[in-house]
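Peer 1: What follows is a protein structure lacking sequence information:
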């Protein structure tokens, strides 16, 4: 079995998760809430992109941008309507509100769009690299030939662009620096003149934009339906916690770890246990947290 | 005062008479007086004392992961009801169907079945999937209303259901009948066809849910019993964003063909991954995957893939097809002709019983469907034969509808192959051939 090929599969899965997990963890770190409705933001992004690509219709790359903009708009509108008014009540009311909002959104989407799956009209080209020599250890081939498709390259490429953009935003812009300051100590940031509500709004928009992008990429690989994002929320949450809740860099690391664990457990677990790959990923999450409760990157996990 | 009293008494007397008349009328409508022997055979009443309407309940997949199959079922059901009413209706009454959504969720199905029986006064349920019937088995027995369903393939029902060939004695009955051939039958047909095609070693990818496992177990039981071997089997979670790791593992093994048993959405993702990875080899699809959506999304690489579905080759398929085509333009699927048969056989059971009660329907489903009587293809023919004092044998659209003791039917199995962008029937395994795979009394 090709380890290299399976790691590539894991990296691709990790890329979907990572883009969304950054948005999720930014909300956690700066707004101080676990947003269980975040999966529905992915779903809405996927539907907006599909509508733009098929009903308008516009080229897919432009539709992706529309989905990102739509995701950002949806996120800030929902935040202003449901979360900002109860911002001061603490993380538990915010968490419960997000659970309720998620259920309401999911059913509203199902009501409007129906239950049937819809598909983006895309074509993938496969690139094969069969000349890579084998490097076998027991029954495992560490190298060996592999393939990637154009869709998979776009997913990984999009993730890399997002990582660079987020890094630039957080380290090179006033808004990004203010976000980090708020994540570290909101009161101190306010005393220093940071407009905390403006920064919160910026985080909501940014998280919505990332959800829109992740939703479209996920939908291109699978389909669009009312549960497209909801089915990913546990992996997104796990990636954020595994990496260190509140840390975008930790979320990226956690996402790729989960993606690779999922791929390798499917490939190497005894026959018949492949259906347990998610359980294995979560078992490893629990083990990591037992050893290092603050997650891999060591950011403090706040009480929620 | 007296005049007031007189007026009062007169009004009361009037209301008493009117109420009594109303109750008497209603009792006729809802078929009270179910103490009759229910053996029917009198040819039905059709007289003025019969009910005005008789209601059947259809728990349906109006939403949920199987909702894409429901339009064909609804149209097939409505076409049958329409034809039955044109023929005068059972007992001269208007036949109605109340359709409620279960989303194929067992808890919802329990609520819906209760509502249909308690609120809508249905005399039979003409729906319910395996994944609803199996967990609700005891509940459905307590409900004591016949479930005549076109959906379930589960092997769980192979030895459960039916009247045990003692139609007059309902004490040993189990209240489920299925008008579609069970998984045991069409997985056996599929396995037989795979062996015929020379696929002697097999890879398997299946979902980790009961339905998918059950399908594969049924297939492999017949396949291995006939000398086939399984080189590798990979079980996966449903709804994953990618199945590449599972496919990579599966295709490490050496085999002739691979069996895919997944729900449609997951199967499309997995087969698209298979196409992208250029893994090749012969795909064999489970029954629900021989749909246009699968070809449309996976593309031309699926050319030559085949799957076995319950045959649409009952003795009176043409009668059904003509009525179905007139009724609308919903896509037909493998469960559509069995839905037509479910309505026809239930209406004939009511007609033979001469009354519209669940017990009467239960007692008469076997007698109107089993061999021995005058063969009839529609409700109209059956109604006429019963009126002439004859016993009848309904022969259906999907199968001959000869219910076994466990309320199951045998039928042929269709082989549908992806050709030129659509699934086309390219072969058939006869009911007689399939029977060889199934032991007597075990189905």
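Peer 2: Here it is on my side, so go on. Quick caveat, the model's predicted, so the values are computed rather than measured.
Peer 1: Show the low-confidence segments of the chain, by residue range.
Peer 2: By default, I'm working from chain A. Segments of chain A classed as low confidence (criterion: pLDDT under 70) are A:1, A:272, A:274-275, A:298-304.
Peer 1: think we crossed wires, I meant chain B
Peer 2: B:1-49, B:312-313.
Peer 1: for the stretch 101-250 of chain A, what spans make up the strands?
Peer 2: A:126-129, A:136-137, A:140-141, A:146-149 (DSSP state E, counting those that start in this stretch).
Peer 1: Out of these, which is closest to chain B?
Peer 2: strand A:146-149 (4.7 Å; Cβ to the nearest Cβ). Heads up, the C-betas are built off the backbone N, CA and C, glycines and all.
Peer 1: quick revisit: give me whichever of the strands of the stretch 101-250 of chain A is most buried.
Peer 2: Mean neighbour count (mean count of other Cβ atoms under 10 Å in any protein chain shown) peaks for strand A:146-149 among these, with a mean of 20.
Peer 1: quick one: that one near chain B?
Peer 2: Yes - residues of strand A:146-149 contacting chain B under Cβ under 8 Å from any Cβ of the partner chain: A:147, A:149.
Peer 1: sorry, back to before: present the strands of the stretch 101-250 of chain A as a markdown table; the columns should include distance to residue B:204.
Peer 2: Below are the strands of the stretch 101-250 of chain A laid out as a markdown table (distance: least, Cβ to Cβ, whole Å):
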| stretch | distance to residue B:204 |
| --- | --- |
| strand A:126-129 | 24 |
| strand A:136-137 | 26 |
| strand A:140-141 | 23 |
| strand A:146-149 | 23 |
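Peer 1: who's in contact with stretch B:82-96?
Peer 2: B:44-47, B:50-56, B:81, B:323, B:327, B:343-344, B:347-348, B:350-351, B:354-356, B:378-380, B:383 (Cβ atoms under 8 Å, 6 or more residues apart in numbering or on different chains).
Peer 1: which ones among these are found in helices?
Peer 2: B:81, B:323, B:327, B:343-344, B:347-348, B:350-351, B:379-380, B:383 (DSSP state H).
Peer 1: I'd like to know which of those are buried.
Peer 2: B:81, B:323, B:327, B:343-344, B:347-348, B:350-351, B:379, B:383 (16 or more other Cβ atoms under 10 Å in any protein chain shown).
Peer 1: Which of those sits closest to chain A?
Peer 2: Taking these together and measuring to chain A by Cβ to the nearest Cβ, the closest member is residue B:327, at 21.8 Å.
Peer 1: these two touch, right, that closest one and residue B:74?
Peer 2: No - using Cβ atoms under 8 Å, residue B:327 is not in contact with residue B:74, being 9.6 Å away.
Peer 1: So which bits of the stretch 151-300 of chain A are right by chain B?
Peer 2: Counting by Cβ under 8 Å from any Cβ, the stretch 151-300 of chain A sits next to chain B at A:151, A:218, A:221-223, A:225, A:227, A:231-232, A:262-264, A:266-267, A:271-278.
Peer 1: which other helices and strands contact the helix or strand containing residue A:285?
Peer 2: Element membership for residue A:285 (DSSP states H and E) is helix A:277-291. With contacts taken as 3 or more Cβ pairs under 8 Å, 6 or more residues apart in numbering or on different chains; DSSP states H and E, helix A:277-291 sits against helix A:233-243, helix A:248-268.
Peer 1: and the angle from it to helix A:233-243?
Peer 2: Between helix A:277-291 and helix A:233-243, the angle comes out at 30 degrees (axes from the mean of the first three to the mean of the last three Cα atoms, to 10 degrees).
Peer 1: Just want the angle from helix A:277-291 to helix A:248-268.
Peer 2: Using the same axes, to 10 degrees: helix A:277-291 against helix A:248-268 is 130 degrees.
Peer 1: In contact with residue B:67, which residues?
Peer 2: The neighbourhood of residue B:67, defined by Cβ under 8 Å, 6+ apart, consists of A:114-116, B:61, B:103.
Peer 1: If we use 10 Å, what do you get?
Peer 2: A:114-116, B:60-61, B:101, B:103-104 (Cβ atoms under 10 Å, 6 or more residues apart in numbering or on different chains).
Peer 1: same thing with residue A:121?
Peer 2: A:50, A:53-54, A:57, A:60, A:220, B:296-297.
Peer 1: Tell me how many other residues surround residue B:381.
Peer 2: When counting by other Cβ atoms under 10 Å in any protein chain shown, one arrives at 19 neighbours for residue B:381.
Peer 1: For it, give its distance to residue B:93.
Peer 2: 19 Å (Cβ to Cβ, to the nearest Å).
Peer 1: neighbours of residue B:387, just the number please.
Peer 2: That count, for residue B:387 with other Cβ under 10 Å as the rule, works out to 15.
Peer 1: If you could redo that for residue B:420, that was the one I meant.
Peer 2: For residue B:420, using other Cβ under 10 Å, the count is 8.
Peer 1: now swap in residue A:246 and tell me
Peer 2: When neighbours are counted by other Cβ under 10 Å, residue A:246 comes out with 25.
Peer 1: ok, now residue B:169?
Peer 2: Neighbour tally, residue B:169, other Cβ under 10 Å: 11.
Peer 1: before we move on, what about the one 4 residues further on?
Peer 2: Number of residues near residue B:173 (other Cβ under 10 Å) recorded here: 23.
Peer 1: For residue A:55, give me its contacts.
Peer 2: No contacts exist for residue A:55 under Cβ under 10 Å, 6+ apart.
Peer 1: distance of it from residue B:191?
Peer 2: Distance from residue A:55 to residue B:191, by Cβ to Cβ: 45 Å.
Peer 1: what's the answer for residue B:327, then?
Peer 2: Counting by Cβ to Cβ, the gap from residue B:327 to residue B:191 is 35 Å.
Peer 1: Check residue B:62 too.
Peer 2: If you measure residue B:62 against residue B:191 using Cβ to Cβ, the figure is 33 Å.
Peer 1: Tell me which of the two has more neighbours.
Peer 2: Neighbours per residue, other Cβ under 10 Å: of residue B:62 and residue B:191, the larger number sits with residue B:191, 28 against 18.
Peer 1: Just the buried residues of stretch B:125-140, please?
Peer 2: Buried, per 16+ other Cβ under 10 Å, within stretch B:125-140: B:125-134, B:136-137, B:140.
Peer 1: Sorry, slip of the keys, the one I care about is stretch B:241-256.
Peer 2: Neighbour count says stretch B:241-256 has B:241-251, B:255-256 buried, by 16+ other Cβ under 10 Å.
Peer 1: near chain A too, which of those?
Peer 2: B:241-250 (Cβ under 10 Å from any Cβ of the partner chain).
Peer 1: Using CSV, lay out these together with secondary structure.
Peer 2: Output for those, formatted as CSV (DSSP: H, G, I helix; E, B strand; the rest coil):
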residue, secondary structure
B:241, coil
B:242, coil
B:243, coil
B:244, helix
B:245, helix
B:246, helix
B:247, helix
B:248, helix
B:249, helix
B:250, helix
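Peer 1: And those, which is closest to residue B:434?
Peer 2: residue B:250 (28.0 Å; Cβ to Cβ).
Peer 1: Residue B:413 - nearest residue in space that isn't next to it in sequence?
Peer 2: residue B:189 (2.9 Å; Cβ to Cβ, 6 or more residues apart in numbering or on different chains).
Peer 1: In the stretch 51-200 of chain B, which residue sits closest to chain A?
Peer 2: Nearest residue of the stretch 51-200 of chain B to chain A: residue B:63, at 4.7 Å (Cβ to the nearest Cβ).
Peer 1: In contact with that residue: list those residues for me.
Peer 2: So residue B:63 contacts A:110-111, A:114-116, A:226, B:70, B:101-105, B:108 (Cβ under 10 Å, 6+ apart).
Peer 1: Provide the secondary structure category for it.
Peer 2: coil.
Peer 1: now it: how far from residue B:338?
Peer 2: Counting by Cβ to Cβ, the gap from residue B:63 to residue B:338 is 21 Å.
Peer 1: re the thing from before, among the buried residues of stretch B:125-140, which are in reach of chain A?
Peer 2: Checking the buried residues of stretch B:125-140 against chain A (Cβ under 10 Å from any Cβ), there are no matches.
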